[in-house]
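Visitor: Model the structure of this input:
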Amino acid sequence: MFQMFKKKSLFVSPAAGNLKELEEVADEAFASKAMGDGFAIEPVEAAVYSPVHGTVELAFLTKHAIGLKSADGVEILIHVGVDTVSLNGEGFTLHIEQGQKIKQGDLLLTVDIPLIKDKVPSTDIIVVFTTGEQCRVLKAGRKVTSMEKDIITLEK
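Guide: A predicted model of the protein is given here:
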């Protein structure tokens with residue numbers, strides 16, 4: 001069922017920036033892995049891309065988070081920033097809609113990082129696997145590019 005993730009290269013980085021372990025995120029709910037295992041990226045660019053082929057299951061009205069379901073059933077939450085829900089969409093532009101089929105590399109959203117940076121504790125792009133997968137970060141502490149392969153491995 002999770003053959004897609006047996007090959008590390010089939011999941012790609014959704015953004016460019018500094019790759020971080022989930023425990024480094026400035027939000028206890030994410031850092032404690034209460035919502036699932038994952039990783040974060042401290043972004044250096046505005047664009048957030050789909051790391052997988054699949055479907056947009058949820059597009060938050062506040063535009064700060066998107067729920068994806070990969071073609072093989074892995075559910076992924078992409079959450080931009082900490083406490084960004086309080087911005088009510090300010091600084092975020094969605095390029096997708098709920099129910100939409102997506103391909104790896106499709107632009108999901110853009111973030112006006114300079115606009116939101118001083119309004120929230122963190123602009124980290126947090127990626128959480130909500131269907132129980134264990135995530136191993138392969139390049140923690142390094143800069144990654146959008147669509148970079150081999151940044152993580154997943155196991156059910």
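
Visitor: Flag the shaky bits of the chain, pLDDT-wise.
Guide: By pLDDT under 70, the low-scoring segments of the chain are 1-9.

Visitor: which residues in it form helices?
Guide: Here the chain has its helices, by DSSP state H, at 28-31, 113-117.

Visitor: Apart from its chain neighbours, what residue comes closest to residue 136?
Guide: The spatially closest residue to residue 136, leaving aside those adjacent along the chain, is residue 153, at 4.7 Å (CB to CB, 6 or more residues apart in numbering). The C-beta positions use only the backbone N, C-alpha and C, and glycine is treated the same way.

Visitor: so which of the helices of the chain comes closest to residue 22?
Guide: Smallest distance to residue 22 across the helices of the chain (CB to CB): 6.2 Å, for helix 28-31.

Visitor: And the contacts of that closest one?
Guide: For helix 28-31, the surrounding residues in contact (CB atoms under 8 Å, 6 or more residues apart in numbering) are 22, 23, 24, 25, 34, 35, 38, 40, 79, 82, 126, 128.

Visitor: Go through it and flag the buried ones.
Guide: For helix 28-31, the neighbour count (16 or more other CB atoms under 10 Å) marks 30, 31 as buried.

Visitor: can you pull out the strands in this protein?
Guide: Along the chain, the segments classed as strands by DSSP state E run 17-21, 37-43, 47-49, 54-59, 65-70, 75-82, 92-94, 101-102, 107-111, 122-129, 134-137, 143-144, 152-155.

Visitor: Mind putting those strands into a markdown table with mean neighbour count?
Guide: Shown next, in a markdown table, are those (neighbours: other CB atoms under 10 Å):
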| stretch | mean neighbour count |
| --- | --- |
| strand 17-21 | 19 |
| strand 37-43 | 23 |
| strand 47-49 | 20 |
| strand 54-59 | 18 |
| strand 65-70 | 21 |
| strand 75-82 | 23 |
| strand 92-94 | 18 |
| strand 101-102 | 16 |
| strand 107-111 | 20 |
| strand 122-129 | 24 |
| strand 134-137 | 16 |
| strand 143-144 | 18 |
| strand 152-155 | 18 |
